[in-house]
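**Q** any chance you could fold what I've pasted below:
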Amino acid sequence: MTISSISIAATGMHRASAQLEQSASRIARISVEGNDVDVATEMVNVIQARNDFKASAKVAGVASDMSQALLDILV
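**A** As a prediction, the model looks like this:
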């Protein structure tokens, strides 16, 4: 079974997006419910999710460039 770089990158981007959505939801509930949510921790989670997403997007871009280079060599 082969797992492509594109699918790995897409999975990473999906995971980062879900983490960002969860943190944003917790931050939004602070103003509504007054929960004991640590804003600093949630902002760190948001920054980590952003960096994870950017890294996964970079993997997808590099995989695409490598595929294009291979096609250029073969054609």
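**Q** identify the single longest helix in this protein, thanks.
**A** helix 39-74 (DSSP state H).
**Q** could you check the angle the one helix or strand Glu21 maps to makes with helix 39-74?
**A** For Glu21, the host element (DSSP states H and E) is helix 5-33. Between helix 5-33 and helix 39-74, the angle comes out at 160 degrees (axes from the mean of the first three to the mean of the last three Cα atoms, to 10 degrees).
**Q** next one: helix 5-33 to chain centre, how far?
**A** 8 Å (Cα atoms, centre = their mean, to the nearest Å).
**Q** can you tell me the centre-most residue of the protein?
**A** Of all residues in the chain, the one closest to the mean position by Cα atoms, centre = their mean is Phe53, 2.5 Å from it.
**Q** skip the chain neighbours and tell me the closest residue to that residue.
**A** Ala16 (3.8 Å; Cβ to Cβ, 6 or more residues apart in numbering). Yep, even glycine has a C-beta here, placed from its N, CA and C like the rest.
**Q** got the contact list for the closest residue to Asn45 other than its chain neighbours?
**A** Computed as Cβ to Cβ, 6+ apart, the closest residue to Asn45 that is not its neighbour in sequence is Ser23, at 4.3 Å. Contact analysis of Ser23 by Cβ atoms under 8 Å, 6 or more residues apart in numbering lists 42-43, 45-46, 49.
**Q** ok, 10 Å please
**A** The contact partners of Ser23, taken as Cβ atoms under 10 Å, 6 or more residues apart in numbering, are 37, 41-49.
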